[in-house]
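Chemist: Could you look at this predicted model? Sequence included:
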Amino acid sequence: MTTTAPVAVKSRALDRALTGGLGGLLGGGFTGFVLRRVLGAVVTLFVLSAVIYAVFYVAPGDVAQITCGPRCSPAQVQQVSEQLKLDDPIYVRYLDFLRGVLVGQDYSTGTGVLHCDAPCLGLSYRTDQQVTELILNKVPVTGSLAIGAMVLWLILGVGTGVLSAWRRGRLTERVLTAVTLAGTATPVFVIGLLLMILVCGRLQWLPFPQYVPFTDDPQQWAWNLLLPWVSLALIEAAKYARLTRSSMLETLAEDHVRTFRAYGIRERSIVGRHALRGALAPVVALSANDFGSMFGGALLTETLFGLPGLGRELVQAVRVVDLPVVVGMVLVTGFFVVLANAVADVLYAVADRRVVLS
Amino acid sequence: MSEALLASEIPGAGATAAPAPASGARQFWRRLHTQRAALVAAAVVALLVLVALAAPLFTALEGQDPTSYHPGLVDSARGGVPVGPLGGISSEHWLGVEPQTGRDLFARLVYGARVSLGVALAATLLQIAIGVTVGLACGLGGRRLDQSLSRATDVMVALPLMVLALALLAVVPGGFPRPVLVALVIGFVGWGGVAKVVRARAISLKSLDHVAAARLSGWGGVRIARRELLPALAAPVITYAALLVPGNITVEAALSFLGVGVKPPTASWGQMLTSADVWYQAAPQYLLLPAAALFVTVLALTVLGDGVRTALDPRAASRLRIGTGRKREDGA
Amino acid sequence: MSLVRVEDLSVGFGAVRAVDSVSFTLAPGAALGLVGESGSGKSTVAAALLGLHRDTGARVTGSVRVGGVDVAAAGDDELRRLRGGVAAMVFQDPLSALDPYFAVGDQIAEVYRAHSGASRRAARARAVDVLGRVGIPDAARRARSRPHEFSGGMRQRALIAMALACEPDLLIADEPTTALDVTVQAQILDLLHALREETGMGLLLVTHDVGVAAESVDDVLVMRDGRVVERGGVAQVLGAPRDAYTRELLSAVPRVDGVRGGPSGSGDVEGAVGDVVVEAEGLRRVFGRGRRAFAAVDGVSLTVRAGETLGVVGESGSGKTTLGRMLVGLLEPTSGKLRHGGAEKSGKGVVPGVQMVFQDPVSSLNPRRSVGESIADPLRARGDRDEDAIRARVRDLMARVGLDPAHYGRYPHEFSGGQRQRVGIARALAANPRLIVCDEPVSALDVTTQAQVTALLAELQRELGLALVFVAHDLAVVRQVSDRVAVMRNGRIVEQGTVDEVYGSPQDPYTRQLLAAVPALDPAVAAERRAARAAGAHAVREDGGAAGKELAAA
Amino acid sequence: AGPEDKSEAGGDGKPRKGGTLTVLNSAPQSDFDPARLYTSGGGNVPSLVFRTLTTRNREDGAAGAEVVPDLAEGLGKPSENATVWTYTLKKGLKFEDGTPVTTKDIKYGIERSFAAELSGGAPFLRDWLIGGDKYQGPYKDKKGLDSVETPDDRTIVFRLNKPVGDFDYVATQTSFAPVPKAKDKGTKYEEHPVSTGPYKVVKNTSDGERLQLERNPHWSAATDAERKAYPDRIDVRSGLNSSVINQRLSASQGSDAAAVTTDTNLGPAELAKVSGDKKLAAQVGTGHFGYTNYLAFNPKVKPFDDPKVRQAVAHAVDRTSVVNAAGGSSLAEPATTFLPNQKSFGHTKFDHFPAGASGNPEKARELLKAAGHKDGLTITLTHSNAKNFETGPEVATALQDALKKAGFTVKLQGLEDNDYEDRVHDAKDEPGLFLAHWGADWPSGGPFLSPIFDGRQIVNDGYNFNSSFHNDKSVNAEIDSINKLTDHDEAAKRWGALDKKIGAKALNVPLFHPVYKRLYGKDVKNVVISDWTGVLDVSQVAVK
Ligand SMILES: Nc1ncnc2c1ncn2[C@@H]1O[C@H](COP(=O)(O)OP(=O)(O)OP(=O)(O)O)[C@@H](O)[C@H]1O
Ligand SMILES: Nc1ncnc2c1ncn2[C@@H]1O[C@H](COP(=O)(O)OP(=O)(O)OP(=O)(O)O)[C@@H](O)[C@H]1O
Ligand SMILES: [Mg+2]
Ligand SMILES: [Mg+2]
């Protein structure tokens, strides 16, 4: 009984935040925004898949031969080719793919039939696994990597940016600039490897990273991912630091900052509150992009640290021209890019109410 | 009385002897000149470009070339580490030699500057050009244009470089100059971030009255973008551009491994870095040299970019209004 | 001991000597008016009191002591305590002086907390309280709005509220009522007066409005070109000015009751009035959605013809700016019809040949472009290519609005508030538009410059058949320039008619109320009137939150 | 070969049962179906689960290149000129569920490997079994493959379309592993293949990331002389970066102390480090695998139709640079013969076109002049772009530099890996000069020379490995005749002689044979690296 009251209060507050806060301030209408975004995402994914099909149509690499193995005889290659329906014209294969996505598909396992439910992205040429399943297994890995790295690079980058805007022209700023830039100037595989050798090999502070699912053991999860996060964050931080700083200096030149100076507000809070708020828009936009693209782009990190994520799978799939897997992976990336950008737009409109969601 | 006022107020209106106002560009240069760090950075960038352009001259001075093997200078039994102290530094090989091959590192570094700087700078310019255009179009255009361009950006961001490289391999004729191809590929792939940053800024800038005023003046979107928004966008864009360069240098190396990049034995910093990572212990200078070169480049570009950014802002340059409100010890 | 002691203060910006050897003192509880020509250095002096020129590249000499603190020598902490704590400032450009990303109430609360160390909650409550006291209706809700949701006058009041929140010993108010209609203005001035009496707050009031000065201050300092040209008690300076400039200033003050030396002189005279330039029918604009939906303009119909000036006056927040923006096409009406030159406006976007002078001179000028370039914009957009001709035209325009043409290459931040406003006017005039919507175009101008600008407008109107929509809170100015007047309140036009009709025999009670609130030039009369209002003001102070309603009902 | 006589094992004391062995691999173990695996000698991790008719001798060095019985009682009994091979199963063999293993299961396993759904395995049975080229596997072709006979549960007979003296070697392949038909789930079988070996699969992520094995209670050491199976559990983690694998092994932290790798070599940079560290150096084993890297000519393409030009190239090659590019003398040995330098292959020393350690440009110039190219010659060398690979840019640029001294202007054509494979194996589009390599399917001259030089193995509409399009009747006849031999030593001698004979034609330029340096964790004992596979044998390793 006693617990119901706070819950009710909370939910009402939430309700207000959502209807009054979000719905009200977004002007254009939140549901409309969501609908448009969903539609946009569908179109984006559609285009993406078509592009990949087109690319693989022109790209080198004899799929049947690669799948069958180098020593396969022409007759066998032909069999594999039929098995994978590689002889159909590319548009027929694409339509087949779309059908799979919409209504599902049946595949023969040799001894039986494997039903692949919609949305079915097909089976991997290489491992015969369902691509949807494969991807669902990998998303948590890459997701963990991306989220952690983003949190870290935002803290590191924005923190550094704020500090260097506040202490602009001073020694603190120079040192910070040099340090963050050193991170940028070193490719991730170098930073990652060196960190791993130092921290895991020499000092033995951390284990050599091995993916542990969050649901198994959150502490081990974080512990193992710490190094990949740090490596990625070190690379990205400078970008955010510099961007934050330069946007903040812009804001500092504006009139309203003078108001707060004239009221004796500390420079620290002028910079860290008022200037920062104005500078966040590009930072949020960029992190959305980077976060989304990390789903396809963290391959170097994943490869280096042996994390079984999407990026690594993608590299392998591209190498063996495993088209269904490649398409699936790219669609996931696309999905996250669109999603992250949508979230960024909402955040952005909440932060700056002059902006109406488009 | 108003007529009288007019006359009395502004003696010789329009024909004053006041000094002609300096043009925007001139003021910009004047403001840039006051920043020592930016000038030093500009000198460093110029030096780097010079090194890249005059690479043959520098290597001739040393008497080496970037492709000759010196099997005698590496210890074959130990995996090919350079013999001699500090990675084989000698009067012939100023910076030592490359492990395994014994190629001269100074020559490779100097020649590598050509590829890396050329490709990375060209690609960055392209990324900025496309990104800014798309971002501005998103920010200023209607909802529909914004939607379609934003989704197109998403497609570009989501397409893995590797997949695109594959397509290009297939469609670009073998004779196409590789560095140009690399710059084009990187340029056309990596503009998503710029576009997003520009769009975000443009959206909040366009709510300002001076943009409304420009619209009332009758300007179209392009002109508004160029005159009202672009100058304000210069800060984040320039900042971002300086940081795109190191990324592009690394991407060049990645593309080279996919076969779209520059052909061996041509050296590039990115490729040196990628093959040097494992040598961090056995031949540290092999890793440190390209890393240091890259660092100096980024640092110089960043400092220069910051200088340009500051000089572009008439408010910040004179420190009027942007002042810290803090007491300055130096009494400046 | 005096609260403020300024001795031999000079401030230079590069080659510009903005303030030249100014000295004055101000005792606790006293009020000093700083009047004078636009660009004469008033704001610069005000800023110097808080040490705002520190580290900005300006050269400051002389000594400034505020509340016993030597501003030039004070350490960072000391200065911080001074700012806001001892002396609070109301900035001249209220529309850009608030952080667009934070709720107005939060900004006030932040400032209050910085000096009182109050809890977050208490600070919020305080913010709502002071917002109510400056007459923001429904302050508790409005405190959560962001600045762009406020009208110009509301933003200005928010700034005043911010200053009052800190309960300073000294209030530096730089043109604090430029965006306020006369009733609200009177209320604010009464509030300041009451605070002086109650708390002994000192007031430094920078204003170009002699009437406001007459109502609120004891002593006056008249400035011109950075120097003090006359000083003395308010009655003496306004009543028997010694300096030639002061006399000129006073003679230029427009009056609601005096003869209409109407610069356009049109109104009643010739039928220069031509075709309909713009016609609105049932124009409505709603902000927000759902429960928060609110009609800023609610069914406005009006017509403006070529060569005619429509004055729009009304309560602060009554929808004047919103209406103006709709007329030029910067804002889409929620419903209603809009016809330009007889043709129904189709689609979105601006209408060619239509200009606007924005209420906020700061954000309407691109900080990165020289003002000359900004003024030249419409010319270039029109297709002019001859650089020399463009420059010549820009210089001419600058001269005609009273700006030094040599300042072509200067940037907006190097100008005073009134100068920036004139840049906006010059830009609007540049391409000889058919219609200009002027949103408080002369609110920051001293009366002589104001006269010059209105004369210019009238002249162009005669020459080109320009149609004007003139939004202003200053009834005298509106009377002077307009042919017809519309009085707005709560998004509606409550009264519309020729100047003589509206001013001569106002029908609506609100119009009458407005006319009654016009500040008097004679300090004695002003004091009398204040006494008459005192009862109302009392009520306001007793329950701050209800102040708005109270006021509206009055 | 008992555990006691392995004195070089890392750590001291006798190997004991128990513990968990971790395997850190770089290549993902994405296939774990015996029909799809293509491994030499039954593979390493797979051979822990899949027993086959024969297997490789689990001993160090050259002794490890011998073939020994596994499920079969003894090696195969050839008859009818080595076209019929008969094997008899040991008694008491069981699957992991306790059911007995019969030759029917082996036959079924072999039949499965013909199914298109399970492609990827070795090609030999399809080429050799009568009717193998037509057979489509048990899913489409329920009748079965007649040339594999199972007269009773312990006997299996293979009928081949030609003499194959090496059949015992072939019978080590995982396709010879028994698969119980009732448990076959087609493409899903690999998730949990039914074990006959000392370990069974407890978890297979199927995407090659992780494979966990545990003891198979129904395996009996009495029937298996080869596998030691000391650890209780084996945890295979694949898809790791090779530098990281070596880092982990050298750090030997936690479970990595009991870790090995079965596919990762020490790189040159790591070698430089290890060679200076005594403790680490003791954790390195050396192995050899029959493998040759060479420069291949396509004599159909000018100017390589001229033997003098080919010889000039052969003389100009700087093998020191090439070896350095491949990792230095510890990781590669210069090669002048096509056959690997191991006895089992019948290695016979020769150097038809001596280039010395660093090339003989003078001789090369002479030959070029004689061929009519006195102003030098511009040629194109095709290579793959894969990094740190024998056919990659590192070796190509080393050759480019060496050939320059002899008057060759070498243009490099680097191709993306897939593209490269397609091009160099395409009979119609094969480049004139490219980097190639060949590895042994089993340690014998046959699988080395036949695909490369047998004129009848030229493939025009698929992958072709006879890149010189060599078709010499006498060579073909000699190959046939050696294939009939069932005495491996006798055959080896003849292969060696044949290699020397073909070598004189300068159809390719052998460059180097790789050497493998395998690092293992500090607690790993009983390290065996045979010359058959060149990798550490997981079935012999102990971690206690
Ligand atoms: N940052 C600056 N740089 C250069 N000149 C400046 C700067 N700020 C102000 N000025 C100049 O100093 C003079 C005084 O400006 P100030 O703002 O004090 O005028 P003001 O009396 O407040 O005028 P107004 O009534 O128009 O606001 C003006 O001529 C202005 O152009
Ligand atoms: N973007 C907006 N979002 C929400 N409310 C707004 C917005 N713009 C204006 N309003 C509200 O609309 C009403 C009318 O505003 P408007 O700016 O038109 O007033 P005004 O008559 O110009 O007042 P003032 O004389 O004070 O400038 C005000 O109550 C204001 O708070
Ligand atoms: Mg002022
Ligand atoms: Mg307004």
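Modeler: All right, it came through fine. Ligands and ions are numbered 1, 2, ... in the order given.
Chemist: and the stretch 401-550 of chain C, which residues reach ligand 3?
Modeler: C:416-417 (Cβ under 5 Å from the ion). In this view, the C-beta of every residue, glycine as well, is placed from N, C-alpha and C.
Chemist: Please, where are all the helices along the stretch 401-550 of chain C?
Modeler: All helices of the stretch 401-550 of chain C, identified by DSSP state H, counting those that start in this stretch, fall at C:417-430, C:447-464, C:475-481, C:499, C:509-517, C:523-542, C:547-553.
Chemist: Secondary structure class of the closest residue to ligand 2 within the stretch 101-250 of chain D, three-state.
Modeler: Residue of the stretch 101-250 of chain D nearest ligand 2, by Cβ to the nearest ligand atom: residue D:207 (53.4 Å). Three-state assignment for residue D:207 (DSSP: H, G, I helix; E, B strand; the rest coil): coil.
Chemist: ok, back up a step: out of the helices of the stretch 401-550 of chain C, which gets the lowest mean score?
Modeler: When the helices of the stretch 401-550 of chain C are compared by mean pLDDT, helix C:547-553 comes last with a mean of 35.
Chemist: can you give me the strands in the chain?
Modeler: No chain in the question, so chain A it is. Per DSSP state E, chain A carries strands over the ranges A:105-108, A:113-116.
Chemist: um, chain B though
Modeler: Using DSSP E, strands in chain B cover B:74-75, B:81-82.
Chemist: of all those strands, which lies closest to chain D?
Modeler: strand B:81-82 (4.3 Å; Cβ to the nearest Cβ).
Chemist: Residues of chain C that sit close to ligand 1?
Modeler: By Cβ under 6 Å from any ligand atom, the residues of chain C that approach ligand 1 are C:13, C:16, C:18, C:38-44, C:92, C:208, C:413-419, C:444.
Chemist: residues in contact with residue 309?
Modeler: Let's take chain A. Going by Cβ atoms under 8 Å, 6 or more residues apart in numbering or on different chains, residue A:309 touches A:138, A:141-142, A:145, A:211, A:298, A:302.
Chemist: let's do chain D instead
Modeler: D:303, D:367-368, D:371, D:373, D:377.
Chemist: Go through the residues you listed and name the one nearest ligand 3.
Modeler: residue D:377 (84.4 Å; Cβ to the ion).
Chemist: What is the burial count for the closest one?
Modeler: 20 (other Cβ atoms under 10 Å in any protein chain shown).
Chemist: What distance do you get for it to residue D:411?
Modeler: Noted for residue D:377: a distance of 11 Å to residue D:411, by Cβ to Cβ, to the nearest Å.
Chemist: before we move on, what about residue C:288?
Modeler: Counting by Cβ to Cβ, the gap from residue C:288 to residue D:411 is 70 Å.
Chemist: Helix, strand, or coil at residue C:325?
Modeler: Going by three-state DSSP: residue C:325 is helix.
Chemist: Can you list phi and psi of the closest residue in space to it that isn't next to it in sequence for me?
Modeler: Excluding its sequence neighbours, the residue lying closest to residue C:325 (Cβ to Cβ, 6 or more residues apart in numbering or on different chains) is residue C:331, at 4.0 Å. Per-residue torsions, residue C:331: phi -130, psi 140 (degrees, to the nearest 10).
Chemist: same question, the one 5 residues further on
Modeler: Summarising the backbone geometry of residue C:336 under the convention degrees, to the nearest 10, its torsions are phi 110, psi 170.
Chemist: what's the answer for residue B:176, then?
Modeler: Torsion angles, degrees, to the nearest 10, at residue B:176: phi -60, psi 130.
Chemist: What separation is there between it and ligand 3?
Modeler: 63 Å (Cβ to the ion, to the nearest Å).
Chemist: what about chain C, any weak spots by pLDDT?
Modeler: In the predicted model of chain C, residues C:1, C:257-273, C:342, C:345-348, C:534-554 satisfy pLDDT under 70.
Chemist: Any residues of it in contact with ligand 4? List them.
Modeler: C:151-152, C:321, C:359.
Chemist: which of these lies closest to residue B:106?
Modeler: Ranked by distance to residue B:106 (Cβ to Cβ), the residues of chain C next to ligand 4 are led by residue C:359 at 65.1 Å.
Chemist: what's the neighbour count on the residue lying closest to the closest one once chain neighbours are set aside?
Modeler: Once flanking residues are discounted, residue C:359 sits nearest to residue C:439: 4.1 Å by Cβ to Cβ, 6+ apart. Counted with other Cβ under 10 Å, residues neighbouring residue C:439 total 25.
Chemist: picking up where we left off before, of the contacts of residue A:309, which is the most crowded?
Modeler: residue A:142 (30 neighbours).
Chemist: Give me the nearest residue to that residue, chain neighbours excluded.
Modeler: Residue A:142 sits nearest to residue A:309 (Cβ to Cβ, 6+ apart), 3.9 Å away.
Chemist: Same question for residue C:384.
Modeler: In space, residue C:384 is closest to residue C:390, 5.4 Å off (Cβ to Cβ, 6+ apart).
Chemist: Residue C:63 now?
Modeler: Nearest residue to residue C:63 in three dimensions, chain neighbours excluded: residue C:7, at 4.8 Å (Cβ to Cβ, 6+ apart).
Chemist: same question, residue C:216
Modeler: Closest to residue C:216 by Cβ to Cβ, 6+ apart is residue C:189, at 5.1 Å.
Chemist: how close does the one you found sit to residue C:505?
Modeler: For residue C:189 relative to residue C:505 (Cβ to Cβ), the value is 27 Å.
Chemist: shaky segments in chain D?
Modeler: Residues of chain D that meet the cut-off, pLDDT under 70, sit at D:1-13, D:206, D:388.
Chemist: And the lowest mean pLDDT element among the helices and strands of chain A?
Modeler: helix A:4-16 (a mean of 40; mean pLDDT, DSSP states H and E).
Chemist: what do you get for chain B?
Modeler: helix B:2-9 (a mean of 36).
Chemist: What ranges in chain B fall below the confidence cut-off?
Modeler: Counting by pLDDT under 70, chain B shows low-confidence ranges at B:1-24, B:316-332.
Chemist: run the last query once more with 50
Modeler: For chain B, the stretches flagged by pLDDT under 50 are B:1-21, B:317-321, B:329-332.
Chemist: Longest helix of it, counting residues only.
Modeler: Of all segments of type helix in chain B, defined using DSSP state H, the longest is helix B:105-140.
Chemist: near chain D, anything from that one?
Modeler: No - applying Cβ under 8 Å from any Cβ of the partner chain, one finds helix B:105-140 separated from chain D by no less than 11.6 Å.
Chemist: ok now that helix, how far from the chain's centre?
Modeler: 6 Å (Cα atoms, centre = their mean, to the nearest Å).
Chemist: buried ones in it?
Modeler: B:105-124, B:126-128, B:130-140 (16 or more other Cβ atoms under 10 Å in any protein chain shown).
Chemist: and the residue of the stretch 251-358 of chain A found nearest chain D, how many neighbours?
Modeler: When scored by Cβ to the nearest Cβ, the stretch 251-358 of chain A has residue A:306 as its residue closest to chain D, at 3.9 Å. The tally of other residues near residue A:306 (other Cβ under 10 Å) stands at 24.
Chemist: burial of residue A:217, as a residue count?
Modeler: 12.
Chemist: right, quick check: the longest helix of chain B against chain A, any contact?
Modeler: No - using Cβ under 8 Å from any Cβ, helix B:105-140 stays clear of chain A, coming no nearer than 8.8 Å.
Chemist: Spit out the contact partners of the closest residue to chain A within the stretch 351-500 of chain C.
Modeler: Closest residue of the stretch 351-500 of chain C to chain A, Cβ to the nearest Cβ: residue C:362 (5.6 Å). By Cβ under 8 Å, 6+ apart, residue C:362 lies in contact with A:255, C:93, C:95-96, C:412, C:420.
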